[in-house]
Each structure stands twice: as structure tokens, then as C-alpha cells.
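J.: 3D model of this:
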Amino acid sequence: MRPSEITEVLNHPVSQELLARDLTRLAYAAKDGTPRVVPIGFFWNGSEIVMCTAKNAPKVAALRDNPAVALTIDTEVHPPKILLVRGRADLDVVEGIPEEFLQSNGAYTMTPEQRLKWEAEVRSLYDGMVRIVVAPTWAKMIDFETTLPSAVEELVRERGERQDGRPPRRSQPGD
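T.: Predicted coordinates:
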């Protein structure tokens, strides 16, 4: 996919809505080669998806070995809105708590008092974290109104071709 195509997908209003959500599903290959999908908080900085995790998280070692990832951000309503992203995970070990981690958890409903307690707990737990940074190399938005999964698009096209190739239906007695 060309960078301009990726930008077009990510700048679509539905994609922007999804990129403002709290959670994504991160898919990667575990150390044993089997697939993993984990929900994880994220922050969209306008060009990259940033996720933060513990330095000792199993996904860190797996991503060092194989940085290829896929992300899904979606809604829980019908019709669903879905943003699919592929890319390469770059890992950055940082001291303290990355601002992206604090921002990625900012949309949860917390009172100011709950937020202070949560931040204090986070700061007491982590001496540092790993930033998982993904610059999209491929993206697709599916809203089931203007875009569909490619397999469904193909079925719709094939149905249209079948319908166009059929002779018109003639009324029969009793219709």
C-alpha cells in the first residue's frame, strides 16, 4: 500500500473516530510461533499507534524476535466500524511512565480523585515501561456502509454479475 493510500484511510472520519478509542487488539507471533491477540490501551499521535507495556511482558521478547503486528480497533454496535492496521513494532524502553500510557487511559470514566489514585498506583508499580510504536504500513477501514470486507465486496460483485446475466423474470399466472 502506498503511504498516500494509508493516510487517506487513516484520515477518514470513521478511522479518526476509532483512533480516538481506548483499546486495540494487538496480534503478533509468540516466542513459540503460535498467534496471540491481546487487548491493549493505545494512543494515536497522528502518525503512529503507541502502546505501552511492562518491561517483563512476554510480548516484548516476542516482538523483538518478530516485529510484524496487526491491530484491530472496532466498535460494539451494529453495524460495526472496524479499523485494521498492519505494521512493524519498534520497541523503546523508557524510564518512568510514558505520557502516551497516561493519555491512553484518559478516556475511561474516572473522577479526578480516582484518576489521582490510579496514577499514584501506576507510578508506584512501574520503574519503566516499553513503548511499542507502530507506524502503519497497511490500513483498511470497514463501516459496512461505504466499505466492506474484501470477501463480501467480491460476493456483492458476483451477485450483481449473476443478476445482470439473467433474463428478466416474466410474470406467471398466479404471481
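J.: Tell me which residues touch the nearest residue to residue 148 once chain neighbours are set aside, please.
T.: Nearest in space to residue 148, with sequence neighbours left out and distances taken as C-beta to C-beta, 6 or more residues apart in numbering, is residue 142 at 6.4 Å. From N, CA and C alone the C-beta is placed, and that goes for glycine too. By C-beta atoms under 8 Å, 6 or more residues apart in numbering, the residues touching residue 142 are 80, 81, 82, 83, 84, 148, 149.
J.: Same check on residue 12?
T.: Contacts of residue 12 (C-beta under 8 Å, 6+ apart): residue 141.
J.: repeat for residue 64
T.: Contacts of residue 64 (C-beta under 8 Å, 6+ apart): residue 91.
J.: And what about it, helix, strand or coil?
T.: helix (DSSP: H, G, I helix; E, B strand; the rest coil).
J.: Residue 43 versus that one, what's the distance?
T.: 21 Å (C-beta to C-beta, to the nearest Å).
J.: can you check residue 32 too?
T.: From residue 32 to residue 43 the distance is 29 Å (C-beta to C-beta).
J.: Checking residue 37 next. Helix, strand or coil?
T.: When classified by three-state DSSP, residue 37 comes out as strand.
J.: Tell me where the longest helix sits in the protein.
T.: For the chain, the helix with the greatest residue count under DSSP state H is helix 150-165.
J.: For the protein, give me the ranges with low pLDDT.
T.: 105-108, 166-175 (pLDDT under 70).
J.: related to what we said a few turns ago, now the contacts of residue 142 in TSV, with secondary structure, neighbour count and distance to residue 158?
T.: Putting the contacts of residue 142 into TSV (DSSP: H, G, I helix; E, B strand; the rest coil; neighbours: other C-beta atoms under 10 Å; distance: C-beta to C-beta, whole Å) gives the following:
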residue	secondary structure	neighbour count	distance to residue 158
80	coil	11	23
81	coil	20	25
82	strand	19	22
83	strand	27	26
84	strand	17	23
148	coil	15	13
149	coil	13	14
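J.: Among these, which pair sits farthest apart?
T.: Greatest spatial distance in these: 83 and 148, 14.2 Å, computed using C-beta to C-beta.
J.: Tell me which stretches of the chain form strands.
T.: 23-29, 35-41, 43-44, 49-54, 68-74, 82-95, 128-142 (DSSP state E).
J.: now for these, which one comes closest to residue 101?
T.: Here strand 49-54 is closest among those (C-beta to C-beta), at 3.8 Å.
J.: what's the distance between the closest one and the middle of its chain?
T.: 13 Å (C-alpha atoms, centre = their mean, to the nearest Å).
J.: Let me know the angle separating it from strand 35-41.
T.: Per axes from the mean of the first three to the mean of the last three C-alpha atoms, to 10 degrees, the angle that strand 49-54 makes with strand 35-41 is 100 degrees.
J.: I am finished for the moment; much appreciated.
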